[in-house]
Each structure stands twice: as structure tokens, then as C-alpha cells.
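A.B. asks: Kindly generate the corresponding structure for this input.
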Amino acid sequence: MINKDNIKICLIIAVVFILLSGPILWAQDAKFRGTVKDEQGNPMHKAKITLTLIAHNLSFSFETNKKGKFYRRGIEPGEYMLTVEMEGFQSLKQQIYIKAGEEHTIDIIVAKKPSAVEAKDKFDQGVQFFQQGKFDEAIKAFEAVLEGKPDFAEGYFNSGMAYLCKGDIDTAIAKMEKAIELKPGFIEAYFGLGQAYINKGDEEQATKIYKKAVDINPNDAKIYVNLGSLYFSNKKDDLAMEALLKAKELDPSLPHTYYQFGRLYLRKGEIEKSIENFEKFLELAPQAPEAERVEALVEDLKKKK
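C.D. replies: Just a heads-up that it's a prediction; the model follows:
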């Protein structure tokens, strides 16, 4: 039989335990406060802030007050993905680490989404940066455009090309794949994706991508030139020849068809045909980046002949 006095004692002990353990539990939690403002320093009312605990993929959201401020306590310590969203403004994402028992403070600046005119200007600026070899600046410009136009396939393609040129191949692949997802017939994106896999050393995958591009647009001569170049790199000369002949049939005015023919015939030891095709390339594209090198090669081949 349970003694009533024993029950009372147990309840008292339980209450004391809760009172004692409460501060200990709170001490392990953290606080998070800060402000959200625009680029002019104006407070952002009702900016949506989301914290996602990366380890468990658990998220919770709250909003800023009229002064653009926010405060939350009782936050589990750990690595979080912080997302800030506000209508008419570019969303912001960054990783933060919130330590146990500490108050994490952050001041956030959000930028307005560009208008259609501003987006075009920003895109053109990105293209200029790319042409100047300023790939980080180009990426920043293209990403700003995508904030306002998240379904802009050309933005992903150009961003992907900038990542490719700076050597970030995996990001380049992701960008090209997104461009193709948004615009399945975007042949240039297939070229970029194929080149990314070539740079990664996965020429088998690159070949599959070029073949898929052929299926999409079997009358695009540039696809066959790229495919021929890839076969040439893999020393599959018969397949390279077949692809280049198809390119020439579809568009005999493409300079790089003859450039690839010149390389292919040179490896085969057919010097006359190599010179003939290199000279045709120079005739069609005298200002090409390869032109000076090809001119020197032709002169050397003529001397040896």
C-alpha cells in the first residue's frame, strides 16, 4: 500500500528537481538576435527569417518587428543555414554557428531585386566581366540577375561558364543542368555541360551529352564539330572523321570544322590534306585565337614537305 506521505515527498522532490534542472537546460540553449535593413539602412518590417539546423534538417521561422529587429531564445546549439526573405528583395542565405549558452548577434543587409532594365544591365555587365576574365565578378553579376529571374536559363548557362573557367567544375555542371532543365532545347548549355565533363576527365559522359544534343537538333553542325573534337581527343579517328564530314555537309562555312580536319589529317600523316584544311580554316577565320599558331604550323609543314 502506497503511503500518502511518501507520495507527497516524491512530488516535492520532483518539483525541486524541475526547478533545479530548468536553469541548467536553459543554460545549454542559445539566444539569437539582430536586425535586417536595406542597403540604405532602412529597417525591414516583417522580413521572414528561417533557421535550419543542418544536422537534423529541422527549420523554424519568425519575422522582424517594425524596427527591423528580431530576437529568439531557447535555440539548440549547432550549425544552421540562415535564410532571409523579403518581398521585392533578393533572398539571402548563409551558414552560421550558434554556440551553447551564448547570444549570437547578426546585422543583415538585403538588396532589392533588379527591375527588368536593371537585370539586363546587370547581365550585360556580367558578360563584360566574363570577357575580361574577371570570373568572380561575372558570377556575382549573373547571380544577381537570377535572384530576380530564377527561371532565366541563360543566366544559369553564363554563370556556369564562369564557374567552368575558374575551375569549379561541379558547380558549373549544376548550373548547366539547371539551364537545360529550364530550357531543354538549349544547345549551348549542352556544349558547356559536355566541356565541363571533359575538364573533369569524364569523356564518356561528355560523349553521351553531345549525342543527346544531336538527338535534339540533328541539323546543328556545331554539335558534330564538338563531337568530332571529342573523338579526336580520345583517338577515335574514324568516329571523328564521320562527325566532321557530317558537320561539313550541314554547314561548309564553319571554320573549326576545317581546323579539326587539319589536326586529324596531320595525325594520320596526310600532310597535303592537313595543310589544305588548315589554310581553309585561316581563310574563314583569320582572327581566330588559334590563327597565329596555325599559320606557323602550316609554314613548318610546307618546309618539311
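A.B. asks: Please make it C-alpha for all contacts and neighbour counts, starting now.
C.D. replies: Fine.
A.B. asks: Tyr224 versus His256, what's the distance?
C.D. replies: To Tyr224, His256 is 11 Å away according to C-alpha to C-alpha, to the nearest Å.
A.B. asks: shaky segments in the stretch 1-150 of the chain?
C.D. replies: 1-28, 114-117 (pLDDT under 70).
A.B. asks: Strands of that one, start to end?
C.D. replies: With DSSP state E, counting those that start in this stretch as the criterion, the stretch 1-150 of the chain has strands at 30-38, 48-53, 58-63, 69-75, 78-85, 92-98, 103-110.
A.B. asks: Strand partners (parallel or antiparallel) of the fifth one?
C.D. replies: Looking at strand 78-85 with DSSP bridges, its paired strands and their directions are strand 48-53 (antiparallel), strand 92-98 (antiparallel).
A.B. asks: Okay, buried residues for the longest one please.
C.D. replies: Yep, that's strand 92-98 we're talking about. Of all the residues in strand 92-98, those buried under the rule 16 or more other C-alpha atoms under 10 Å are 92, 98.
A.B. asks: Please apply the same query to the first one.
C.D. replies: Neighbour-count burial for strand 48-53, counted by 16+ other C-alpha under 10 Å, picks out 48-53.
A.B. asks: pretty sure Leu51 contacts Asn57?
C.D. replies: No: judged on C-alpha atoms under 8 Å, Leu51 makes no contact with Asn57 at a distance of 9.7 Å.
A.B. asks: picking that back up, closest one to Lys122 among the strands of the stretch 1-150 of the chain?
C.D. replies: In terms of C-alpha to C-alpha, the element of the strands of the stretch 1-150 of the chain nearest to Lys122 is strand 103-110, at 17.2 Å.
A.B. asks: Quick check: which helices or strands does that closest one pack against?
C.D. replies: Packing contacts for strand 103-110, counted by 3 or more C-alpha pairs under 8 Å, 6 or more residues apart in numbering; DSSP states H and E, involve strand 30-38.
A.B. asks: Check which helices and strands the strand it packs on sits against.
C.D. replies: Checking 3+ C-alpha pairs under 8 Å, 6+ apart, strand 30-38 ends up next to strand 69-75, strand 103-110.
A.B. asks: starting at the chain centroid, how far to the shortest one?
C.D. replies: Using C-alpha atoms, centre = their mean, to the nearest Å, we find the averaged C-alpha position of strand 69-75 to lie 33 Å away from the chain's own average C-alpha position.
A.B. asks: rewinding a little: any chance of the strands paired with strand 78-85 in a markdown table, with distance to Tyr80 too?
C.D. replies: As requested, these are exported to a markdown table (distance: least, C-alpha to C-alpha, whole Å):
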| stretch | distance to Tyr80 |
| --- | --- |
| strand 48-53 | 5 |
| strand 92-98 | 5 |
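A.B. asks: Now the strand or helix carrying Tyr163: buried residues?
C.D. replies: According to DSSP states H and E, Tyr163 maps onto helix 153-165. Going by neighbour count (16+ other C-alpha under 10 Å), the buried part of helix 153-165 is 153-164.
A.B. asks: would you turn those into a markdown table with pLDDT?
C.D. replies: Output for these, formatted as a markdown table (pLDDT from 0 to 100):
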| residue | pLDDT |
| --- | --- |
| Ala153 | 95 |
| Glu154 | 94 |
| Gly155 | 95 |
| Tyr156 | 96 |
| Phe157 | 96 |
| Asn158 | 96 |
| Ser159 | 96 |
| Gly160 | 96 |
| Met161 | 95 |
| Ala162 | 96 |
| Tyr163 | 96 |
| Leu164 | 94 |
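A.B. asks: burial of Phe129, as a residue count?
C.D. replies: By other C-alpha atoms under 10 Å, 19 other residues sit near Phe129.
A.B. asks: remind me which residues of the stretch 201-305 of the chain are low pLDDT?
C.D. replies: For the stretch 201-305 of the chain (pLDDT under 70), the answer is 305.
A.B. asks: Go again with 90.
C.D. replies: Low-confidence segments of the stretch 201-305 of the chain, defined by pLDDT under 90: 203-204, 207, 210-211, 217, 223, 226-227, 229-231, 233-236, 289, 303-305.
A.B. asks: now the helices for it?
C.D. replies: For the stretch 201-305 of the chain, helices defined by DSSP state H, counting those that start in this stretch occupy the ranges 203-216, 221-233, 237-250, 255-268, 271-284, 291-304.
A.B. asks: wait, which of these is closest to Ala111?
C.D. replies: Relative to Ala111, the nearest member of these by C-alpha to C-alpha is helix 203-216, separated by 37.4 Å.
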